[in-house]
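**Student:** Just the structure for this:
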Amino acid sequence: MRALTENRPSLVEGRTRFTYYRENVRMPELAVVNMKNTSFDLTAELEIPKGGAEGVIICQGGNMAGWSLYVEKGIPVYHYNWMGHEHYRVAGAQPLPSGRVSLKLVFDYDGGGLGKGGAARLLVNGRAVAQGRIEKTVPFVFSMSGETFDVGEDTGTPVGPYKAGFPFTGTVHRVEIEVKPALDAEAKQDVAEGELTGALRAQ
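**Tutor:** Okay, the predicted model is just below:
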């Protein structure tokens, strides 16, 4: 069936490094990096104006499931929305400094199956500013309701507790993501079946 990922041409299959820019909005899930069931590093190169910034740096999904890296009152926040039922928040204690800032999110997946948890850390210019647990993660799809992947704003229903859109008021120069896939053949088959179910429900 065409709904199965392996039956579609893919520009992302097998890749582990990705770079996204402010122009990358409304991108469908199968056209972007897959950050599910794996560890990853995400680094956002930002410009923070004097007086601070706020808004979404990068996000995926919506109010039914997804994740968002954003700035709230100057403070960096990673919000993970598990199926609209459980919400996890990892946030710094201090506002981002003005000028050029490198904001990094490191997620260390527990492994041992699909949809497991992991540890999330935020680093600002190489210095750790926050850490926390994400106890559950979405194993198959974020976008059963048609939500997308966005840089610089949240174009769908809000992933986190912020207003619709919530555009970033600083500058997103680029966002670099490196995934560290470690799924065996059986787990990959489980993912394919889960993606098929999600694709059929989205019809």
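
**Student:** only C-alpha atoms for contact and neighbour calcs from this point on.
**Tutor:** OK.

**Student:** okay, the nearest residue to G55 once chain neighbours are set aside: pLDDT?
**Tutor:** Counting by CA to CA, 6 or more residues apart in numbering, G55 lies nearest to F168, which is 3.8 Å off, once chain neighbours are set aside. Listed pLDDT for F168 reads 98.

**Student:** can you check the one 5 residues further on too?
**Tutor:** Predicted confidence (pLDDT) for H173: 98.

**Student:** From here on, call the first residue 720.
**Tutor:** With the count now opening at 720, the last piece we talked about shows up as H892.

**Student:** picking up where we left off before, confirm for me that the residue nearest to G774 is in contact with C778.
**Tutor:** No: at 11.6 Å, F887 does not count as touching C778 under the criterion of CA atoms under 8 Å.

**Student:** And these two? Which one has more around it.
**Tutor:** The neighbour count for F887 versus C778, taken as other CA atoms under 10 Å, is higher for C778 (27 against 22).

**Student:** CA-only coordinates of the helix or strand harbouring the more buried one, as PDB, when you get a sec.
**Tutor:** Assigned by DSSP states H and E, C778 belongs to strand 774-781. Extracted as PDB, the C-alpha positions of strand 774-781 are listed here (Å, rounded to 0.1, in the frame of the first residue of the first chain):
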ATOM      1  CA  GLY A 774       8.300  32.100  20.600                       C
ATOM      2  CA  VAL A 775       8.600  28.700  18.900                       C
ATOM      3  CA  ILE A 776      12.000  27.700  17.600                       C
ATOM      4  CA  ILE A 777      11.000  24.400  16.200                       C
ATOM      5  CA  CYS A 778       8.100  22.000  16.700                       C
ATOM      6  CA  GLN A 779       6.300  19.000  15.400                       C
ATOM      7  CA  GLY A 780       2.700  17.800  15.900                       C
ATOM      8  CA  GLY A 781      -0.100  19.500  17.700                       C
END
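
**Student:** Show me what it is packed up against.
**Tutor:** Counting by 3 or more CA pairs under 8 Å, 6 or more residues apart in numbering; DSSP states H and E, the packing neighbours recorded for strand 774-781 are strand 784-791, strand 868-870.

**Student:** Please list the outside residues in contact with the first one.
**Tutor:** With CA atoms under 8 Å, 6 or more residues apart in numbering as the contact definition, strand 784-791 has outside contacts at 772-780, 795-803, 857, 861-862, 878-879, 887.

**Student:** Just the buried subset of those, please.
**Tutor:** 772-780, 795-802, 857, 861-862, 878-879, 887 (16 or more other CA atoms under 10 Å).

**Student:** For the residue nearest to G774, give its distance to Y789.
**Tutor:** As judged by CA to CA, to the nearest Å, F887 and Y789 stand 8 Å apart.

**Student:** quick one: common contacting residues for the two?
**Tutor:** Here F887 and Y789 have E773, G774, V775, I776 as joint contacts, going by CA under 8 Å, 6+ apart.

**Student:** which residues do F887 and C778 both contact?
**Tutor:** E872.

**Student:** quick revisit: how about JSON lines for the helices and strands packed on strand 774-781, with distance to P816 and mean neighbour count added?
**Tutor:** Formatted as JSON lines, the helices and strands packed on strand 774-781 follow (distance: least, CA to CA, whole Å; neighbours: other CA atoms under 10 Å):
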{"stretch": "strand 784-791", "distance to P816": "12", "mean neighbour count": "26"}
{"stretch": "strand 868-870", "distance to P816": "21", "mean neighbour count": "26"}
